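Novice: Got a predicted structure here, sequence first:
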Amino acid sequence: MPLLFESGRMDSMPKKIDPQLRARCVRLVREHQQEYPTLTAAVSAVARQEGVSRESVRRWLAQAEVDDGTRPGITSEESAEVKRLKAENKRLREDNEMADSSGQRN
């Protein structure tokens, strides 16, 4: 039996979720949370309505709370900055390796 990623079913998964869909899901959960007995029920209803997984909506909501400052954690902005710095660091390391190797040939 092939693994999920080997079956080809994940080929149709987008690499990046539409930010509008993410924002809409978070907004809907926040607006309609009082209509449900639990937060999980509200998340499940919105996920079903929007055609995404419950876990995705739960994670988006948690990250939105971090970004709002109502929950501790690393904000999306901080995470993007760390990612940018790591990529820059990697590029500089590669440039240094290339400079070192070309300097050794002479």
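Specialist: Now that the structure is in, tell me what you want to look at. Please read all numbers here as calculations on a predicted model, not as lab measurements.
Novice: show me what contacts S76?
Specialist: Under the criterion of C-beta atoms under 8 Å, 6 or more residues apart in numbering, the contact partners of S76 comprise Q63, V66, D67. For every residue, glycine as well, the C-beta is placed using N, CA and C.
Novice: Likewise for E65?
Specialist: Counting by C-beta under 8 Å, 6+ apart, E65 touches R71.
Novice: Below-threshold pLDDT in the protein: ranges please.
Specialist: Within the chain, the set of residues satisfying pLDDT under 70 comprises 1-15, 103-106.
Novice: hmm, 90 instead?
Specialist: Counting by pLDDT under 90, the chain shows low-confidence ranges at 1-19, 69, 72-73, 76, 97-106.
Novice: residue boundaries of the helices in it?
Specialist: Under the criterion DSSP state H, helices of the chain are mapped to 19-32, 39-50, 54-68, 76-105.
Novice: Could you tell me the angle between the shortest one and helix 54-68?
Specialist: Per axes from the mean of the first three to the mean of the last three C-alpha atoms, to 10 degrees, the angle that helix 39-50 makes with helix 54-68 is 110 degrees.
Novice: quick check, distance from helix 39-50 to the centre of its chain.
Specialist: Between the centre of helix 39-50 and the centre of its chain there are 18 Å (C-alpha atoms, centre = their mean, to the nearest Å).
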